[in-house]
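Student: Turn this into a model:
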Amino acid sequence: MGHKNTIVAATLIGMITAAGASAQVDLDVDSVNNLSQLTGHVTQDLKVDTEDDWFGAAIVLELDEGSIYQDGFGNDTAPDPYFFSYYPSLEFDTYMAGGSMGVGVLGPGGDAGGHDQQFDDERLDASWKSNGSNEIGVTQIARITLSDDAAGRWRLAVFQSGDETRYDFSGTITDGVMTIDP
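Tutor: Model prediction:
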């Protein structure tokens with residue numbers, strides 16, 4: 001698989017709200033500038049904005065082309081920023097996040113339609129929960145870095161305490177850029 005020498009330089013901010021719920025959850029897909037470290041990749045942060053405590057999520061991301069960036073020094077949770085000066089590309093590793101207290105990885109992304117836990121350069125199928133109990137407002141829940149030739153689909157389920165509602169989001173991936181379905 002060849003990588004393009006340029007990167008898509010677009011800022012994505014997509015908003016969608018689950019219909020019919022008593023308290024809303026919004027999802028943003030924000031681009032992150034990784035040009036200094038990862039030519040040929042697009043990095044995006046998934047952030048939720050909740051009215052009650054965010055407590056869990058599940059994702060399934062499936063590619064028809066391209067790959068998911070997994071740094072050799074990273075894993076499925078947010079890396080310690082202390083190591084970025086030693087391993088600069090680690091900052092752009094694909095990972096699950098959960099706010100101030102980190103996350104606990106639970107298993108496959110069943111709530112997003114997944115069935116076999118997988119977290120590698122080909123597919124994401126995982127669920128996780130916040131280890132904190134006060135993640136209200138805007139919270140980063142994942143960082144996704146894709147090759148700039150990646151194409152496919154993604155689904156995300158988000159849960160917040162208080163309303164017992166699952167908020168579902170989905171979208172497409174084109175040239176490594178995740179967009180939210182209307």
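Student: Leaving out sequence neighbours, find the closest residue to residue 25.
Tutor: The spatially closest residue to residue 25, leaving aside those adjacent along the chain, is residue 167, at 4.2 Å (Cβ to Cβ, 6 or more residues apart in numbering). Placement of C-beta: from N, CA and C, glycine included.
Student: hey, what's the most centrally placed residue in the chain bridged with?
Tutor: By Cα atoms, centre = their mean, the chain has its centre lying nearest to residue 142, at 3.4 Å. Taking DSSP bridges as the rule, residue 142 bridges to residue 46, residue 96.
Student: now the one 4 residues further on
Tutor: Listed beta-bridge partners, residue 146: residue 42, residue 68 (assigned using DSSP bridges).
Student: Same check on residue 179?
Tutor: Note on residue 179: beta-bridge partners residue 172, judged by DSSP bridges.
Student: Quick one: the strands in this structure, in order.
Tutor: 25-32, 41-50, 54-65, 95-96, 103-107, 118-119, 123-130, 137-147, 151-160, 166-174, 177-180 (DSSP state E).
Student: Now for this structure, the helix or strand with the poorest mean pLDDT.
Tutor: Ranked by mean pLDDT, DSSP states H and E, the weakest helix or strand in the chain is strand 103-107, scoring a mean of 81.
Student: list the buried ones in stretch 87-96?
Tutor: 89, 90, 91, 92, 93, 94, 95, 96 (16 or more other Cβ atoms under 10 Å).
Student: I would like the residues contacting it, please.
Tutor: 32, 34, 36-38, 41, 43, 57, 59, 68-71, 73-79, 81, 83-84, 103, 105, 124, 126, 128, 141-145 (Cβ atoms under 8 Å, 6 or more residues apart in numbering).
Student: ok, the residue nearest to residue 25 - how many residues close by?
Tutor: If you count neighbours by other Cβ atoms under 10 Å, residue 167 ends up with 24.
Student: partner residues bridging it?
Tutor: Residues in beta-bridge contact with residue 167 (DSSP bridges): residue 158.
Student: Repeat that for residue 129.
Tutor: residue 56, residue 104.
Student: can you give me the angle the least confident helix or strand of the chain makes with strand 123-130?
Tutor: 130 degrees (axes from the mean of the first three to the mean of the last three Cα atoms, to 10 degrees).
Student: circling back: wait, the residue nearest to the centre of the chain sits on residue 48?
Tutor: No - taking contacts as Cβ atoms under 8 Å, residue 142 lies outside contact range of residue 48: 9.7 Å.
Student: list residues touching both of those two?
Tutor: residue 57.
Student: on that earlier part again, name the helices or strands packed onto the least confident helix or strand of the chain?
Tutor: strand 123-130 (3 or more Cβ pairs under 8 Å, 6 or more residues apart in numbering; DSSP states H and E).
Student: pLDDT weak spots in the chain?
Tutor: Within the chain, the segments meeting pLDDT under 70 span 1-23.
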